[in-house]
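Enquirer: Here is a sequence with its predicted model. Questions after.
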Amino acid sequence: MRQIGQYDIEDLAKIQGRDEVYRQDRSLAALRLGRGLDALAGVQGRILILGCGAGRYLRAVARERPDLTLHGGDLSVNALREAAARDPHFSYVALDSSALPYRSNSFSAVIFFDLLEHVPEYRRMLSEIERVLVPGGRLHFFVPLEGKADTLYALFRSSQRVPIHRWKRDHVGHIHCFEPVSLIYDVWDTGLVVGDIAFSFHLAGQTHDIVDYWRRERLAGGRGILPTSAVKALARLMFIPTWRLAYLEDRLYAGHHLASGLHLTADKPAS
């Protein structure tokens, strides 16, 4: 699926992964990177990063773990061209993550961030990951939980004034709204053994997210009362404090209450 609502995966303006992320940054991306690196502790060999976009997480992992052999995969050909132009030392493959073009038992670990919610056959993707992992291999991912009951996304699920789920579908291609229990069972059903879970993206992060997508919708021509100049000014006023608070709340609390993001690590049995 290359076009979802108004979202086209080859739209150059919407390619993800162009920026850099460092573990010491005070950002949510750095926190996700840190959890991914923790999951890779002790892992050696070939690592597949799915949904790599323009490659920021490959570059970040390589800085921390130059001993690993990194491979990046993405559905967007334009994103992969940018990634390869920036750093041609990695192996990049245009792929559908629910039909991975690799032999079984090929990778010591597979990681991804903010990908599963875009994939139509996400259960098949999880099964494919289990197939390409070596025995004893590891999966780690972050996924938003926009179907979780105690979140702002649930509050606005049926809202006509703040249709956040339609905004996310149209502007970034979200087609699934996950809740944690069923998703954890989906991972178990592949044969992978869930070993560690943590939660993030609490109320400040959700507030930032909703303001961001309200701004995107209005700037794309969506209807509203305020002029676009006021929309941009109000969003700019809210962005810095909400983003900083989101980082602080996720640093201080990794529990499930009011959380809308899941970090999960699972292992393929060694035999």
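Expert: Okay, I see it.

Enquirer: Do you have the helices of the stretch 101-250 of the chain handy? List them.
Expert: Ranges of helices in the stretch 101-250 of the chain, per DSSP state H, counting those that start in this stretch, are 122-132, 152-155, 164-172, 180-189, 203-219, 228-252.

Enquirer: now the fourth one and helix 122-132, what's the angle there?
Expert: Same thing as helix 180-189. Comparing the axes of helix 180-189 and helix 122-132 via axes from the mean of the first three to the mean of the last three Cα atoms, to 10 degrees yields an angle of 40 degrees.

Enquirer: Next, the residues that contact helix 180-189 from outside, please.
Expert: Residues outside helix 180-189 that contact it (Cβ atoms under 8 Å, 6 or more residues apart in numbering): 116, 122-123, 126, 139, 143, 145, 148, 194, 197, 199, 256, 262, 264, 266. For glycine as for every other residue, the C-beta is placed from the backbone atoms N, C-alpha and C.

Enquirer: Now do the same for residue 3: its pLDDT.
Expert: At residue 3, the model reports a pLDDT of 69.

Enquirer: biggest strand in the chain, by residue count?
Expert: As assigned by DSSP state E, the longest strand anywhere in the chain is strand 133-144.

Enquirer: rewinding a little: of all the helices of the stretch 101-250 of the chain, which one comes closest to residue 88?
Expert: When those are compared by Cβ to Cβ, helix 122-132 sits nearest residue 88, at 23.4 Å.

Enquirer: From residue 76, how far off is the spatially most central residue of the chain?
Expert: Central residue of the chain (Cα atoms, centre = their mean): residue 114, 1.2 Å from the mean position. To residue 76, residue 114 is 14 Å away according to Cβ to Cβ, to the nearest Å.

Enquirer: Pull the contacting residues for residue 6.
Expert: Listed by Cβ under 8 Å, 6+ apart, the contact set of residue 6 reads 170, 171, 220.

Enquirer: returning to that earlier point: and the residue nearest to the centre of the chain, how close does it get to residue 222?
Expert: 23 Å.

Enquirer: picking that back up, test for you: state the pLDDT assigned to the residue nearest to the centre of the chain.
Expert: According to the prediction, residue 114 has pLDDT 96.

Enquirer: residues touching it, list them.
Expert: Shown in contact with residue 114 (Cβ under 8 Å, 6+ apart): 16, 51, 142, 143, 144.

Enquirer: 7 Å - rerun?
Expert: 51, 142, 144 (Cβ atoms under 7 Å, 6 or more residues apart in numbering).

Enquirer: Name all residues that make contact with the residue lying closest to the first one once chain neighbours are set aside.
Expert: Ranked by Cβ to Cβ, 6 or more residues apart in numbering and with sequence neighbours excluded, the top spatial neighbour of residue 51 is residue 115, at 3.5 Å. Residue 115 makes contact with 50, 51, 97 under the criterion Cβ under 7 Å, 6+ apart.
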